[in-house]
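[1] give me a 3D structure for the following:
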Amino acid sequence: MDENNNKNLILATVLSFLVITVWFILFPPPEPAAPDLTQTPAEATAGSGQTTAPPAGEAAATTQEVAPVPEAARLTIDTPELTGSISMRGGRLDDLSLKSYHETLAANSPDVRVFTPVGQGQAYYALFGWAPSGSLTAEDVPGPNTEWQIAKGATLRPGEPVTLAWDNGKGQRFTREISVDDKFMFTVTDKVENTGTGDVTLRPYGLIARHGTPSNLQHIFVVHEGVVGRADGKLTEIKYKDIMGLDPIEGEGHPGEKVEAANDGWIGFTDHYWMSILVPEQGKPYTEVLKHVPNGDIFQTEVRHPTVTVAPGQSSSTTTRVFAGAKEWETIRNYQNDAGIPGFIDSIDWGWFYFLTKPIFSVLHWLHGLIGNMGLAIIALTFVLKVLVLPLAYKSYVSMARMKELQPEMEALKERAGEDKQKLQREMMQLYKDKKVNPAAGCLPILIQIPIFFSLYKVIFVTLELRQAPFFGWLKDLSQPDPSSLYNLFGLLPWDAPAAGTLLHLIFIGVLPILLGITMWLQQKLNPAPTDPVQASIFAWMPWVFMFMLGGFASGLVVYWITNNTITFVQQYLIMRSHGHKPDLFGNIKSGFKKKPAAVAANSDAAPKGKGK
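    Sure thing, here's the model as predicted:
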């Protein structure tokens, strides 16, 4: 292989190695979720106090639970995707689980829980109410502790809404109609009827509250967890620790932010795979708020609708939608395109390379629907990506092949130039120009892979569709590292493999990382080893270093890399053959196992000393 060609490949490989090293440091595998130690068993059984902060300037809008209170009546939720209940205390949507998603792959694994009532671990719920103004007081409007009555319906199902009612005894009657679709969207319509003798002024609001920082955070840079929102086209993403560091909201004293939206938007909380979002009526102004209430360590996102004045004999109603469920790409896209929620697809964290991750996932989702197996869809996606970059890759491989053809002329130039390095460099550049060869083109195939690799890593790690997606055999979850291990001879020995994320797991790698190392090694063997011993050493170690480094990555990503290496091997082999150079694959493999002759090694070691004799 030509010396410059070797240098190009060394440069590209080392660059790829450094980038992946940095990526591995910044985005390590997720830590196991810590158990919830925030409550004692007694507190979990009896319930605990809570503080729900009211909207700005309306502190009287809510009251505080300062002691455990008896459980309120509940109304059942039962849909194709959801199960749970609504508490009549405050009309809270605070008990919700996902029927189609489970915590683990175990047969008896519980359903994933989205909302949790106060008193059962880290409370997480949606709450709606009216903030009073003028002659009304906190006791005159429904708040977090209001005991609602069921006016209509017994179980909330798609097409079967329920209605709650509450009368303040002073001429104002409040009703709340709640409906749900067959996926994850609730619609809450709050209505007030004024049968009194004077005008009443009040302001409707909806909020989502989380008590304490969630215990199941991933704590890695690649996944955004915290507040996510959009107001008039501007996306907001703020992590929990950063919310606590915000300046106090004027007039409220709580750390947070307030945004006045003129037309559209939404706000809520996002986890790795699940989220809860408040969606006000689009096309109308509203106030978007996020804040942290130190008293109770509560994070809140709020939608505050404009203040309304209701004359005697009149009524006023406000509608807010609540998404609470799984971050399914197709479902969220349908809500955006068909249900009029602008930018809703951006509630999924597409990252810095969103211009690549979005189309890559769209193609992957389509292929998965066509094939029915996510592992095969990743392999098919790899072929699609290779076809797209084939023109550039072809140019690169052709350039490398032509560099090989120039080897005799390069050797002649070296003989003519002798020790004159500048002359050699000038004549080499002229030769490249005359023959229309780019000596740096050999780097392009690997450089092209880097942004694709990052984007696919993001897609595989962030999108719900890869969670617990099986391939074949032992590969039950393509979003997790290969569970097989040398430690137990891939399951032949009667003990468990080391847990993912541990040092033993990184050392005793599985089948996929080994296949990755082999495909990289075979790709190298298309060309003879470099004559420079330093370059030869780097080439010899590189496949096996990558094998261990990528062993802790999601198995779906390793499947992509193996497929990519295999396709690249075939492409390069065929292109080299088309230019009259048949790669001596088996010869290059054999030469790698041969020891350097002792005489050659001795002469090489003695050469510098012999010069001085």
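[2] can you give me the neighbour number for Phe453?
    If you count neighbours by other C-beta atoms under 10 Å, Phe453 ends up with 19. Bear in mind the C-beta positions are built from the backbone N, C-alpha and C, glycine included.
[3] likewise for Ser133?
    Residues near Ser133, counting by other C-beta under 10 Å: 19.
[4] the one 10 residues further on too?
    Look at Gly143: counted by other C-beta under 10 Å, it has 21 neighbours.
[5] confidence score at it?
    We have a pLDDT of 89 for Gly143.
[6] which SSE is it in?
    Using DSSP states H and E, Gly143 falls within no helix or strand.
[7] same deal with His292?
    Counting by DSSP H and E, His292 is found in strand 286-293.
[8] neighbouring strands of that strand in the sheet, and parallel or not?
    In the sheet, strand 286-293 lines up against strand 256-261 (antiparallel), strand 298-304 (antiparallel) (DSSP bridges).
[9] most packed of the ones you listed?
    By mean neighbour count, with neighbours taken as mean count of other C-beta atoms under 10 Å, strand 298-304 ranks first of the strands paired with strand 286-293 at a mean of 24.
[10] now that strand: average pLDDT?
    This predicted structure assigns strand 298-304 an average pLDDT of 96.
[11] outside of that strand, which residues touch it?
    Applying C-beta atoms under 8 Å, 6 or more residues apart in numbering, the contact partners of strand 298-304 are 50-53, 55-56, 131, 203, 205-213, 227, 229, 240, 243, 267-269, 278, 280, 286-293, 320.
[12] now do the buried residues in stretch 327-341.
    327-329, 331-332, 334-336, 341 (16 or more other C-beta atoms under 10 Å).
[13] who's in contact with it?
    Under C-beta under 8 Å, 6+ apart, the answer for stretch 327-341 is 183-185, 264, 266, 270, 273-275, 279, 282, 321, 323, 325, 342-345, 347-348, 361, 365, 463-465.
[14] before we move on, back to that, among the buried residues of stretch 327-341, name the ones in strands.
    Judged by DSSP state E, those include no members of strands.
[15] quick check, nearest of these to Tyr487?
    The closest of the buried residues of stretch 327-341 to Tyr487 turns out to be Lys327 (C-beta to C-beta; 34.5 Å).
[16] ok, that closest one to Phe269 distance?
    As for Lys327, its distance to Phe269 is 12 Å (criterion: C-beta to C-beta, to the nearest Å).
[17] same question for Val259.
    The gap separating Val259 from Phe269 is 16 Å, by C-beta to C-beta.
[18] can you check Leu447 too?
    Counting by C-beta to C-beta, the gap from Leu447 to Phe269 is 38 Å.
[19] thinking again about what came up before, quick one: which of the contacts of stretch 327-341 sit in helices?
    Judged by DSSP state H, helices contain the following of the contacts of stretch 327-341: 361, 365.
[20] the residue nearest the centre of the chain - nearest residue in space that isn't next to it in sequence?
    Residue closest to the average C-alpha location in the chain (C-alpha atoms, centre = their mean): Val462, at 2.2 Å. Among residues not flanking Val462 along the chain, Asp349 sits closest, at 5.6 Å (C-beta to C-beta, 6 or more residues apart in numbering).
[21] let me know the pLDDT of that neighbour.
    So, for Asp349, pLDDT stands at 94.
[22] and it, how many neighbours does it have?
    Neighbours of Asp349 (other C-beta under 10 Å): 20.
[23] doesn't Phe221 make contact with it?
    No: shown here, Asp349 and Phe221 do not form a contact pair, counting by C-beta atoms under 8 Å, at 10.7 Å.
[24] list the residues that contact both of the two?
    By C-beta under 8 Å, 6+ apart, no residue touches both Asp349 and Phe221.
[25] can you give me the domain boundaries for the chain?
    Listed by automatic domain parsing, the domain ranges of the chain are 3-16+361-595, 50-341.
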